[in-house]
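*Asks:* Would you be able to build a 3D model of this:
(2 chains)
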There are 2 protein chains.
Amino acid sequence: MSLKDVASHAGVSIKTVSNVVNDQPHVTPAMRARVQKSIDELGYRPNLTARHLRKGRTGIVALALPELGNPYFAELAAEVVDAAAEHDYTVLLDHTGGRRDQETLVSQGFRSRVIDGLILSPIELEADDLRERAPVPLVLLGEREYDLPYDHISIDNVAAAREAVRHLISRGRRDIAFLGARRGRSQPAHLRLRGWREELDAAGLVADDRLVAATDGWGHADGAAAMARLLDAGHRPDAVFAYNDLIAIGALRVLSERGLRVPEDVAVVGFDDVVEGRFGAVTLTSVSPDKASIARMAVESVLSQLDGAPRQQARRIHAGYTLVHRESTLGHD
Amino acid sequence: MSLKDVASHAGVSIKTVSNVVNDQPHVTPAMRARVQKSIDELGYRPNLTARHLRKGRTGIVALALPELGNPYFAELAAEVVDAAAEHDYTVLLDHTGGRRDQETLVSQGFRSRVIDGLILSPIELEADDLRERAPVPLVLLGEREYDLPYDHISIDNVAAAREAVRHLISRGRRDIAFLGARRGRSQPAHLRLRGWREELDAAGLVADDRLVAATDGWGHADGAAAMARLLDAGHRPDAVFAYNDLIAIGALRVLSERGLRVPEDVAVVGFDDVVEGRFGAVTLTSVSPDKASIARMAVESVLSQLDGAPRQQARRIHAGYTLVHRESTLGHD
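*Replies:* Predicted coordinates for the structure are as follows:
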């Protein structure tokens, strides 16, 4: 099955079929419909790789993520793969481990010969690491903020954190801990920690720094260790707002080991809304970022940079989110 | 920093440095050591992309997985990324969704222009779909069995399932359910289901087909639905062996909702040993495949096919596994 078969079936030239398949502008709507009808009837599948190559492209977008083991990033990656597929693009996955050298390497166009664009979720990257403009279209994801000429897509982390804390306050909680501040750094727990502090201030409650527990990483074990440390120090909060769901689930485990009931003794809210939070013995209330929307906007930013004139101004784009209420704050009824 | 700087520092020709960097065979060990010393002292980092391109390679291996949202595959992908990085390779991630058309597409060399090899974990692929030899080195992963001329890496699923069931029997259990048989198919729950049956037979117990619950997929929700169906039908087992951890965790949630205690009333064993199983209110006993070893062997198979003469015989390679005992069979003490 080739362009020739389609051309012969539609009674047009091969060049015309090629123009339709490659979305060339100088094809009349009637001609486009006629060729598309033959394509559909014959079940012709254009050779996408060749199609990209004719445009001087590879058909590949790189997605650079700090952690694959965290289901938030795995779920986001699956959404990016789907969003890219809608544009006949495939995704090259880069695993930076959240290390500055790896993040710098990918942002500076490592492998730019084989990719058309890059979607990067940085952890340690500093603005200085991006002094030179990346050699391919670049989009940034995540909570880390930069004053850089690249589109940046994230949810409004401060507003989302405030909504989570407001929900805990509305359930009568006063001593609300924050689990997952980054040890020795302001970023990237920065914005969520700021939201925690702002909402407590706004409610006239005390943002007690002894209830802020730092962690080295963002996994279950980090959350369990931080929760145990708080309790061992004699600081027993009546609620926990965790940087992410894995930290929250680690904390739930420790609360259960210590015989504390959730939410009666300690209410818990996470962040990310990963599937696993819906199936614990206590289901987890969590901020749910619109991952599909983040993925779609990231892919579309790369493709519009490829197709269009360079923009004067990079955009700061906020995706939507919702706070999903579950048993860890509402109880079992 | 360039080859020239290294050559000047080592007092040799640029060609010699290039031969060392590109692993050419006709370099004496003494010369190799001398150049390597300069490379180390200068901190020279060869341009890996260019290095691959000189060999007519892209430096990219594709990894095609059915589900990124399942942490088993995410954890395996992270291991493959690390194993590939040790050979200066990066990983292009393909998300097949476990669909036969997608799996056929990737196996038949979709994007073979940009990849040097393919690691594929198939679900629906039939042997007929691979009649023609793939255009790049191909390695198969997972439980699905084929009589095909490709290396295939997996754990011994029958032996692992038998060990899981034997452990349940040793804890005094007799009515052991299997959760996660594939609806309307023998594969791929086939081998684990066979292990369940063989071990019950060997112990002189009844492999009761009413205790085999089929699922459409392999997620938490599938496990929860299957467990609820068994209980609603009046079949209350005293143990559950689940196809994977997500199904097991979904079942744990339903057991908790129904007021059944784990393991006192129902003991549970999963498969995959994903991190989340270690942090529930009841930690999960699980078969733990050696994911790092599976990843390493897969990458090495691709690279040896690239470097060496074609092998006469494809290999069936078994990676190691352990059964990790936790609270869902041992209790809380």
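
*Asks:* looking at it, residue A:215 is touching residue A:193, isn't it?
*Replies:* No. Applying Cβ atoms under 8 Å as the test, residue A:215 and residue A:193 come out as separate, 12.0 Å apart. Just so you know, the C-beta spots here come from the backbone N, C-alpha and C atoms, and that holds for glycine as well.

*Asks:* so what sits against both of the two?
*Replies:* residue A:181 (Cβ atoms under 8 Å, 6 or more residues apart in numbering or on different chains).

*Asks:* quick one: contacts for the residue of the stretch 151-300 of chain A found nearest chain B?
*Replies:* With Cβ to the nearest Cβ, the shortest gap between the stretch 151-300 of chain A and chain B falls at residue A:281, namely 3.7 Å. Applying Cβ under 8 Å, 6+ apart to residue A:281 gives the contacts A:256, B:252-253, B:256, B:280-282.

*Asks:* In terms of helices and strands, where is it?
*Replies:* Counting by DSSP states H and E, there is no helix or strand that carries residue A:281.

*Asks:* Repeat that for residue A:318.
*Replies:* strand A:316-319.

*Asks:* Let me know the next secondary structure element after that strand.
*Replies:* Next element after strand A:316-319 (DSSP H and E): strand A:321-324.

*Asks:* What lies in contact with the next helix or strand after that following strand?
*Replies:* Note on strand A:321-324: by DSSP H and E, the next helix or strand toward the C-terminus is helix A:327-330. Defining contact as Cβ under 8 Å, 6+ apart, one finds that helix A:327-330 is touched by A:167-168, A:171, A:248, A:252, A:262-263, A:267-270, A:282-285.

*Asks:* how about helix A:327-330: buried residues?
*Replies:* For helix A:327-330, the buried set under the neighbour-count rule, 16 or more other Cβ atoms under 10 Å in any protein chain shown, comprises A:327-329.

*Asks:* for those, which one is nearest residue A:313?
*Replies:* residue A:329 (40.2 Å; Cβ to Cβ).

*Asks:* Now do the helix ranked longest in chain A: everything it contacts.
*Replies:* Looking across chain A with DSSP state H, the single longest helix is helix A:291-307. Residues outside helix A:291-307 that contact it (Cβ under 8 Å, 6+ apart) are A:57, A:61, A:72, A:75-76, A:79-80, A:82-84, A:86-87, A:89, A:116-119, A:137, A:139, A:141, A:151, A:153-155, A:311, A:315, A:317, A:319-320.

*Asks:* pLDDT weak spots in chain A?
*Replies:* Residue ranges of chain A with pLDDT under 70: A:1, A:22-25, A:45-51, A:53-54, A:109-113, A:133, A:184-189, A:309-312, A:333.

*Asks:* Contacts only, for the most centrally placed residue in it.
*Replies:* With distances taken as Cα atoms, centre = their mean, residue A:76 lies nearest the centre of chain A, 5.3 Å away. Residue A:76 makes contacts with A:65, A:141, A:291, A:294-295, as judged by Cβ under 8 Å, 6+ apart.

*Asks:* Include neighbour count and distance to residue A:228 when you put the residues you listed into a markdown table, please.
*Replies:* Shown next, in a markdown table, are the contacts of residue A:76 (neighbours: other Cβ atoms under 10 Å in any protein chain shown; distance: Cβ to Cβ, whole Å):
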| residue | neighbour count | distance to residue A:228 |
| --- | --- | --- |
| A:65 | 26 | 29 |
| A:141 | 24 | 32 |
| A:291 | 22 | 31 |
| A:294 | 26 | 33 |
| A:295 | 26 | 35 |
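
*Asks:* Redo these as TSV? Include distance to residue B:225.
*Replies:* Listed next are the contacts of residue A:76 as TSV, based on distance: Cβ to Cβ, whole Å:
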residue	distance to residue B:225
A:65	31
A:141	34
A:291	24
A:294	29
A:295	28
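
*Asks:* residues from the stretch 151-300 of chain A in reach of chain B?
*Replies:* A:219-220, A:224, A:249-250, A:252-253, A:256, A:275-276, A:278-282 (Cβ under 8 Å from any Cβ of the partner chain).

*Asks:* Name the member of the residues you listed with the most neighbours.
*Replies:* Per-residue neighbour counts (other Cβ atoms under 10 Å in any protein chain shown) across these peak at residue A:252, which has 31 neighbours.

*Asks:* residue contacts, that one?
*Replies:* Contacts of residue A:252 by Cβ under 8 Å, 6+ apart are A:262, A:268, A:280, A:282, A:284, A:328, B:279, B:281.

*Asks:* What is the nearest of these to residue B:18?
*Replies:* residue B:279 (50.8 Å).

*Asks:* Am I right that the closest one is in contact with residue A:255?
*Replies:* No. Counting by Cβ under 8 Å, residue B:279 does not reach residue A:255; the two are 11.6 Å apart.

*Asks:* can you give me the helices for the stretch 201-333 of chain A?
*Replies:* A:220-232, A:245-257, A:291-307, A:327-330 (DSSP state H, counting those that start in this stretch).

*Asks:* Would you point to the one among those helices that's packed deepest?
*Replies:* Using mean count of other Cβ atoms under 10 Å in any protein chain shown, the stretch among the helices of the stretch 201-333 of chain A with the largest mean neighbour count is helix A:245-257, at a mean of 26.

*Asks:* angle of it against helix A:220-232?
*Replies:* 50 degrees (axes from the mean of the first three to the mean of the last three Cα atoms, to 10 degrees).

*Asks:* how close does residue A:94 get to chain B?
*Replies:* According to Cβ to the nearest Cβ, to the nearest Å, residue A:94 stands 7 Å off from chain B.

*Asks:* Cool, thanks, signing off.
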